[in-house]
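1. I would like the atomic coordinates for the input below:
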Amino acid sequence: MRDSIQKKLRVGWFSFSCCEDSTILFTELLNEHYKEWLPRIEFCSAIVLQKKSEIKNLDVAFIEGAITSKKQEEQLLLIRKEAKKLVAIGACACVGMPSMQRNLFPEELKKEIEELIIRFQYAERVKKVSDVVPVDANVPGCPMDEKVFVSVLDTYLKEFGIVG
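-> Numbering: from 1, shown residues only. Sure, this is the predicted structure:
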C-alpha cells in the first residue's frame, strides 16, 4: 500500500569544469516539464536552482563537466558514495573533451600555463568522470542530448518506483 505522500526521486545536479551548457538545457527542460516533474523529483542539490545542497542518500546524481583538480575528485568520490546511480552529462563528463585538451598541449604551452595550474590548484591532468568513479549512464553531447537525458531520467523514475 502506498503512503499518502508520494515518494520522490532524490536527485543532485553537479557541474564541474565545463561551459555549463548542459545545465542551461537542464533548466530549460525544467521549464517544459515542471508540472510533470515537480511531484516526482526532489532536488537535493542543484546550485543552479537553490542554495541548499544536501549530498546524502541520493537516488541519482547527474555530473556535468570534467574533473580538473584534487578537490573536484574528492567531491566526486563523495557524490558517488551517496548516490545509487551516477550519470555523466555532456561531452566533458563522458569523454573528457574539450576540457581534456590541455592534456595534449605541447611542452612549451604546458610551461606557459604552469603558473595558472599552480595558482588554481589544478591537477596535472584533466579526467573524465569515469576515470574517477563508476558511471551508470552517459548523456553525450556538447551540450547534452536532451532526448537522451529525458529518457535516462524516465528510466530512473520507473526503476525507483516513482512512476509505473
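
2. drop to CA atoms for contacts and neighbour counts, all remaining ones
-> Noted.

3. how far out from the middle of the chain is whichever helix in the chain runs longest?
-> As assigned by DSSP state H, the longest helix anywhere in the chain is helix 21-37. From the chain centre to the centre of helix 21-37 is a distance of 14 Å (CA atoms, centre = their mean, to the nearest Å).

4. In that helix, which residues are buried?
-> 22, 23, 25, 26 (16 or more other CA atoms under 10 Å).

5. Let me know the average pLDDT across the helix or strand following that helix.
-> Later in the chain than helix 21-37, the nearest helix or strand by DSSP states H and E is strand 41-46. Predicted confidence along strand 41-46 averages 94 (mean pLDDT).

6. what helices or strands is strand 41-46 leaning on?
-> Here strand 41-46 touches strand 9-15, going by 3 or more CA pairs under 8 Å, 6 or more residues apart in numbering; DSSP states H and E.

7. what's the strand it packs on packed up against?
-> Here strand 9-15 touches strand 41-46, strand 58-64, going by 3+ CA pairs under 8 Å, 6+ apart.

8. Could I get the contacting residues of the closest residue to residue 127 other than its chain neighbours?
-> Once flanking residues are discounted, residue 127 sits nearest to residue 67: 5.1 Å by CA to CA, 6 or more residues apart in numbering. Contacts for residue 67 (CA atoms under 8 Å, 6 or more residues apart in numbering) come out as 16, 17, 73, 93, 126, 127, 128, 129.
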